[in-house]
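Participant: next comes the sequence, and after it the predicted model I'd like to discuss.
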Amino acid sequence: MYPFSFTKAAGTREALEAGRRGGRYIAGGTTLVDLMRETVERPRTLVDISALPMREVTDTARGGLRIGALVRMAEAAAHPKVRTLYPVISQALELSASAQLRNMATIGGNIMQRTRCAYFRDVTAACNKREPGSGCAALQGYNRTHAILGTSDHCVATHPSDVAVAFAALEASVHLLGPDGERSVPFADFLLQPGDTPNREQALRPGELITAVEIPPHPGPLKSGYMKVRDRQSYEFALTSAAVALHVRGGVIRQAKIAVGGVGTVPWRLPAVERRLTGRRPSDALWAEAAEGAAEGARPLTHNRFKVELLKRTVERQLRIVGGTK
Amino acid sequence: MSPQPQAAVGAPLSRVEGRLKVTGQAKYAAEHDIDGVVHAVVVDSSVARGRIAGIDARAALTQPGVLKVITHLDAPRLAYRDNPVSLAPRGGRRLRVFQDDRVQFFGQPVAVVVATTLEAAQHAADLVEITYDAEKSSTDLAGSPADEPQTYARGNAEQALGSAGVRLEMSYRLSRNHHNPMEPHATIARWDGDRLRVWDKTQWVIGVQHELAAVFGIPAESVRVISPFVGGAFGSALRTWPHVIIAALAAREVGRPVKLALTRRQMYFSVGYRPAYEYKLRLGSDRRGRVTAMVHELKHETSRYERFWEANLVLGQMLYAVPNVSQSVRTVPLDVSTPLWMRGPGYSSAAFCIESAMDDLAYELGIDPIELRLRNEPNEDPSNGRPFSTRRLRECFRVGAREFGWHRRNPTPRSTRDGDWLIGTGVATGCYDVWRGQAQAYARIDADGTAVVESATHDAGPGTYTSMTQVAADALGLEARHVEFRLGDSTMPPAPPQGASQTMASVGSAVQDTCDKLRKQAIKLAVEDEGSPLHGVDADDVVVSGGRLQVKGDRARGETYQQLLARNNGTHLVARGSYNPPQESRFSMYGYAAMFAEVAVDARLGLVRVRRMLGVYDAGRIISPKLADSQAIGGMVGGIGMALLEHTVTDHRDGRIVNANLADYLVPVNADIPDLKAIYLDGRDDEADPIGVKSLGELVQIGVAPAIANAVFHATGRRVRDLPITAEALL
């Protein structure tokens, strides 16, 4: 670990000031400290933001839900509103990490977490994300867990978060506060595909803080859920995952929101699958037909070809679990 | 058989050291508080093969607190004498730390930084710049040239295969597995003049003692190794690995005690592993399921500097009554570190292949898999014609089938469903040698009537403190709480390595011998003592119970150890004893297991979940039922890992271990572990050793993986011959 200084911000203004001077924000620290130990991250200054007033889950005037950036994963998962209105969020959180980590890690930190690509985390390996221009060891290396969607020749790493997949499906937005004031970014624009700058992962401006993630109102009743496929039953990242939210009225699917994880360089929305579902009646045949398009555009690598088929089946299964029948 | 009442042995005693462990008072290797200790961190090579071209330690040396950076450029030449007291493969040339510029595997120690704080040492280690003249490395078992084979043959297997009614030909691939004990390897070394004291994580204090003496060219008597607690090892701590030498070297160079703990990442580099295998098996049988021929062709990885060996041919020779057997095993030297025995070594890998093949044969012939095995049960060891000391495998299967509900299954593959899950059940045989080694012990009864018993053995998890306490308690006629067993110090009476499941048989027998001697000494003192109520009684008629020496059949007549010692002005009585196993035995001695598994497979998603497992064991006498139960559970968990999760991944482009951490190298977590049950057949094996035990710690892991793979086949109709069984194999 490289030496660093540590300050605790008493308030938002103080945090932003420290951030403006190049300080790195730290909350739960469950990703950042790991990466510092591996010397992947070498911040000179850490700014502890855990005292900032961002720990509330509140209703928005428009009828949505605002989850403060410092709400712990465990708190968000257990929140009655989250559980009732958006089970997909609760499930995604509860299928993440371990109980200990969920008690420490925050929602803001969760969507900021960095890839689990083993080459990224091994400082002796080539990685364009860690060291731009050094190459991508994963591209021709052991890439079983890597992405098949949204990849580039420079990076094939997945975004590891589960709840980010749920947020993407629900068309959340990320509230930011920076030296120039507040702004809000749609979730789809917040996390960046690697392109030729895989070191740029979020649409954050220097010194900006995440203050909250907002879930917009959705027409009710909304049935939703998250499925995670992985080698072991707990404490592992997804091979594939699917966040599905369906609004069914009068026996017809009026709205379908689907995003998948473990397969994309960012949480991956499936608009084509959503279109196939909208206006149709739930049936096993429909789930299969719609899921057939789930891996459109996939570019599999040597060791992750199985993810193409697995992804379709994951989406199909989760459509059935949320949408019923059989 | 001991004349003593057996009160402690067989009782479900809780671990005697349990309180120390759960309250954090048990000191593991890195936790000993040594005055003036400084910290060492190893720098690992980032190439798998080549030469060190340059080392720049300037930045590291300017860090506050850094005392020294040692590399091959400035390390003293070390004696590295041959060491006959070693588990290193014979004929190899062990890795010599910092003695030349050669890099032989990825992660090889190439420098060590010593600093006054751990943090300073860690950071400085990151700052040591090493450049290499890298050479093309070869780390892939597939396609690499192999050494000359070791072979075995009986009958004419090829001919018998040719005329067999049924012929099967299978190829298996088993991944490399790492031991991954919870406690990282760690060493503290301190020199007092020419004398070296080491606190180490080890399964063999005597082995570490002799290796350090050989490497530094000093007498073994000058080295003392202490290891009272070991946080799991599964075999990885059977050898004295480079970091132990480095700690001692660094301590000598800086003139202060040095602590060196490996990181989790470093645990994948140079502390051994279960080697990857390719195993081809051809099998011939008649239509009634009598196997007539088996041809085994094995290949496994080893390093270029040592030819690793493990007992991977035994099962193929003795498990079934096969008249024609041919075997060959080749090692494939690669630019990797040397493997080391991991729980159930050799047997476990071979059992997966043989027991999967037997399952294939059962389905091929439409014979129940248990019935097929019984039809091939030998009456004597087919490899040498010797009678079995005890072999109760039939009984294991009978008891297991009843308990597991085996005969309620529909034998047709893919016939049982529960929602999205296909349900399957499978069986496999487990079997492991009864190893025994020379062991000695010391025992003392003090004036207060309590006893201390010692042997330089280990407790890497099986519960040696507890099981030896139980043996000693009965032999001395004391309650277990009045006996303290001590271990893990090379100055104690010598004991064998804690590997190959030999501790209970070997050290347990030595403890019994020692305590028998001590008890008899006390009895002799009493019956010859005119002041004793036992005066004149035949010594053979005296037993000791609850610390009281008394006449068999006349319990009123007797006295306690305290009374005896007090009257004789004695402070204590002492005895030394031993166990020396016979060189040759008339018998073939093995432990046996029938393993049962039920799995659920989500065939659409490729998920395998173990639902329940049952092991029924013929392991001889069970000294400590609670510990034996723990061993079985641990063995099943290890086997579940081997079957479904564990896989050390090497990037063959540069020999890098890709998943050198516990997030990417998957071991089972609680959610993967269902209802596990163990049944030990009641009995003992008096041919095996004086206390009637057979092997146990390895046995419980062997046969688990094939039982699961066989259950996966029954569930899905799909035979997976590569381990671990992952989603992609089942989609």
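Facilitator: Happy to help now that I have it.

Participant: next, give phi and psi for the residue in the stretch 1-150 of chain A that chain B sits nearest to.
Facilitator: For the stretch 1-150 of chain A, the nearest residue to chain B under the criterion CB to the nearest CB is A:T124, separated by 3.9 Å. The way it works is simple: take the backbone N, C-alpha and C, and place the C-beta from them, glycine included. Note on A:T124: backbone dihedrals following degrees, to the nearest 10 are phi -90, psi 0.

Participant: same question for the one 3 residues further on.
Facilitator: Phi and psi for A:C127, reported as degrees, to the nearest 10, are phi -160, psi 120.

Participant: just checking, it touches A:S134?
Facilitator: Yes. The pair A:C127 and A:S134 passes the contact test of CB atoms under 8 Å, sitting 6.1 Å apart.

Participant: which of these two has more neighbours?
Facilitator: Set A:C127 next to A:S134 and count neighbours by other CB atoms under 10 Å in any protein chain shown: A:C127 wins out with 26 against 12.

Participant: how many residues are close by the residue of the stretch 1-150 of chain A closest to chain B?
Facilitator: 14.

Participant: could you find the closest non-adjacent residue to it?
Facilitator: The shortest distance from A:T124 to any non-neighbouring residue, by CB to CB, 6 or more residues apart in numbering or on different chains, is to B:S46 (3.9 Å).

Participant: got a list of what the one you found touches?
Facilitator: Residues touching B:S46, when contacts are defined by CB atoms under 8 Å, 6 or more residues apart in numbering or on different chains, comprise A:T124, B:F106, B:I130, B:Y132, B:R656.

Participant: B:L168 now?
Facilitator: Taking CB under 8 Å, 6+ apart as the definition, contacts of B:L168 comprise B:L281, B:R282, B:L283, B:G284, B:S285, B:A357, B:D360, B:L361, B:E364.

Participant: A:G220 is in contact with A:Q255, correct?
Facilitator: No. Because the distance of 10.5 Å does not satisfy CB under 8 Å, A:Q255 is recorded as not touching A:G220.

Participant: in terms of neighbours, single out the busier of these two.
Facilitator: A side-by-side neighbour count of A:Q255 and A:G220, using other CB under 10 Å, places A:Q255 first with 16 against 10.

Participant: quick one on the thing from earlier: buried subset of the contacts of B:S46?
Facilitator: Among these, those classed as buried by neighbour count (16 or more other CB atoms under 10 Å in any protein chain shown) are B:F106, B:I130, B:Y132, B:R656.

Participant: save these as a markdown table, and put in pLDDT too.
Facilitator: What follows is the buried ones among the contacts of B:S46, written out as a markdown table (pLDDT from 0 to 100):
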| residue | pLDDT |
| --- | --- |
| B:F106 | 98 |
| B:I130 | 98 |
| B:Y132 | 98 |
| B:R656 | 97 |
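
Participant: just those residues now: which is nearest chain A?
Facilitator: Once CB to the nearest CB is applied, the member of the buried ones among the contacts of B:S46 that ends up nearest chain A is B:R656, at 6.7 Å.

Participant: need the nearest residue in space to that closest one, chain neighbours excluded.
Facilitator: B:F106 (5.2 Å).

Participant: contacts only, for the one you found.
Facilitator: By CB under 8 Å, 6+ apart, the residues touching B:F106 are B:44-48, B:137, B:139, B:269, B:335-336, B:654-657.

Participant: could you check how far it is from A:R72?
Facilitator: Here B:F106 is placed at a distance of 39 Å from A:R72 (CB to CB, to the nearest Å).

Participant: now do the SS call for B:D126.
Facilitator: Assigned by DSSP: H, G, I helix; E, B strand; the rest coil, the conformation of B:D126 is helix.

Participant: how many residues are close by it?
Facilitator: Residue crowding around B:D126 was assessed by other CB under 10 Å; the count is 19.

Participant: tell me the bridge partners for A:I67.
Facilitator: The bridge-partner assignment for A:I67, based on DSSP bridges, gives A:V57, A:V213.

Participant: pLDDT score assigned to it?
Facilitator: Model confidence at A:I67, expressed as pLDDT, equals 98.

Participant: and residue 55, what are its phi and psi?
Facilitator: In the absence of a named chain, this looks at chain A. According to degrees, to the nearest 10, the main-chain angles of A:R55 amount to phi -110, psi 20.

Participant: ah, no, chain B please
Facilitator: In this entry, B:I55 is assigned phi and psi values of phi -130, psi 130 (degrees, to the nearest 10).

Participant: look up how far B:A75 lies from it.
Facilitator: 12 Å.

Participant: same question, B:Y273
Facilitator: Taking CB to CB as the measure, B:Y273 falls 26 Å from B:A75.

Participant: which of those two has more residues huddled nearby?
Facilitator: The residue with more neighbours, out of B:Y273 and B:A75 and counting by other CB under 10 Å, is B:Y273; that gives 27 against 19.

Participant: excluding residues flanking it in the chain, which one is nearest that one?
Facilitator: With CB to CB, 6+ apart as the measure, B:H178 is the residue that lies nearest to B:Y273, at 4.7 Å, once sequence neighbours are left out.

Participant: same thing with A:R37?
Facilitator: Using CB to CB, 6+ apart, the nearest residue to A:R37 is A:M1, at 5.4 Å.

Participant: can you tell me how far the residue of chain B most remote from its centre sits from B:N568?
Facilitator: With CA atoms, centre = their mean as the measure, chain B has its most outlying C-alpha, relative to the mean C-alpha position, at B:E530: 51.3 Å. In this structure, B:E530 and B:N568 are 11 Å apart, going by CB to CB.

Participant: quick revisit: and the residue nearest to A:R37, what does it touch?
Facilitator: Counting by CB under 8 Å, 6+ apart, A:M1 touches A:M36, A:R37, A:T39, B:E119, B:Q122, B:H123.

Participant: which parts of the stretch 601-731 of chain B are helices?
Facilitator: Remark: helices of the stretch 601-731 of chain B, listed N- to C-terminal, are B:625-644, B:704-716, B:727-730; assignment by DSSP state H, counting those that start in this stretch.

Participant: how about the longest one and chain A, any contact?
Facilitator: Yes. Judged by CB under 8 Å from any CB of the partner chain, helix B:625-644 comes into contact with chain A at B:L644.

Participant: so which bits of that helix are buried?
Facilitator: B:627-644.

Participant: give the rounded mean pLDDT of it.
Facilitator: In this model, helix B:625-644 has an average pLDDT of 98.
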